[in-house]
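Participant: 3D model of this:
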Amino acid sequence: MNTTQQPPLPTYDHKQGAGPTLVFLHYWGGSARTWDLVVDRLAGRDLLTVDFRGWNRSSDLTGPYTLSQLADDTLDVIADSGVTDYVLVGHSMGGKVAQLVAATRPAGLRGIVLVGSGPAKPAAAVTAEYREALSHAYDSEESVAGARDDVLTATELPASIKAQIVADSRGGADAARTEWPLRGIAQDISEHTRMISVPSLVVAGGNDRVEPVDVLVNNLVPYLSGAEFVVIPRTGHLIPLEAPTDLVDAITAFAPAA
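Facilitator: Sure, this is the predicted structure:
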């Protein structure tokens, strides 16, 4: 008798509905609930949202918290959920994870949507000094609020959403909070991204200061085969929270319900 215990999976939510399933992967400092405003506008769709290892409800899972581990976790969650026909929707760090998942050409993957995504090739601005400073962005509630208001967003958000951003950014394991800025953000995955064979959509925020339009045009799109490219005007980096309706429109045009 096989009594081997399977390692615990990241916590996820699966809402049943029409496919293909939309699998949502959150940004560094986010959580599954980062997608709530998007999910609320997708009534009737089959939806899967994940708290990455080290974040929110998955904060007690041990590391490593590398992009490779998060990609493996994503495939394990998809298998555990029984989803067999899906589109990956990755935001920022989650977009970089989505690229690694898609590069493995898993069965059932129909497309990939990259929202303000970490690019395949790191931007020139991602220096050692930049990464060290970024690793302290979530050190306190005050530092998170400063990053939220001065860097991450370009629009005014409701107080409840602003509080959620602070809580989520502070809700990660310490090692998970530093893995992305110190290592993941600087990882060149362009050779993996070139291996993606499914259709792709890149969504950029017109006023995104984290992953600006020109960075996505130069450091991501060239590594994807025939990617569609959409710019949502005026929004900053937190597109799922700042412009959920526009994002839903872009996603459903790219991946309509069957």
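Participant: Listing request: residues of the protein with sub-threshold pLDDT.
Facilitator: 1-5 (pLDDT under 70).
Participant: which residue ranges form the strands in it?
Facilitator: Read by DSSP state E, the chain holds these strands, from start to end of the chain: 12-15, 18-25, 45-50, 86-91, 109-115, 200-205, 228-232.
Participant: May I see the buried residues of the first one?
Facilitator: Right, strand 12-15. Neighbour counts over strand 12-15 (16 or more other Cβ atoms under 10 Å) mark Y12, D13, H14 as buried. All C-beta spots, glycine's among them, are computed from the backbone N, C-alpha and C.
Participant: so who does the second one touch?
Facilitator: By Cβ atoms under 8 Å, 6 or more residues apart in numbering, the contact set of D13 is A32, L47, L48, T49.
Participant: For the second one, give its distance to A103.
Facilitator: It refers to L47. As judged by Cβ to Cβ, to the nearest Å, L47 and A103 stand 23 Å apart.
Participant: got it, and the last one?
Facilitator: With distances defined as Cβ to Cβ, the gap from T49 to A103 amounts to 22 Å.
Participant: Could you check how far P122 is from G206?
Facilitator: As for P122, its distance to G206 is 22 Å (criterion: Cβ to Cβ).
Participant: More neighbours: these two, which one.
Facilitator: Neighbours of P122 and G206, each counted by other Cβ atoms under 10 Å, are more numerous for P122; the result is 20 against 14.
Participant: my guess is that one meets N219, correct?
Facilitator: Yes - with contacts counted by Cβ atoms under 8 Å, P122 reaches N219, the gap being 7.3 Å.
Participant: In space, not sequence, find me the middle residue of the chain.
Facilitator: With the centre of the chain defined as its mean C-alpha position, the nearest residue by Cα atoms, centre = their mean is G94, 2.3 Å away.
Participant: Please name the nearest non-neighbouring residue to that residue.
Facilitator: The shortest distance from G94 to any non-neighbouring residue, by Cβ to Cβ, 6 or more residues apart in numbering, is to L25 (3.2 Å).
Participant: Having no further points to raise, I will conclude here.
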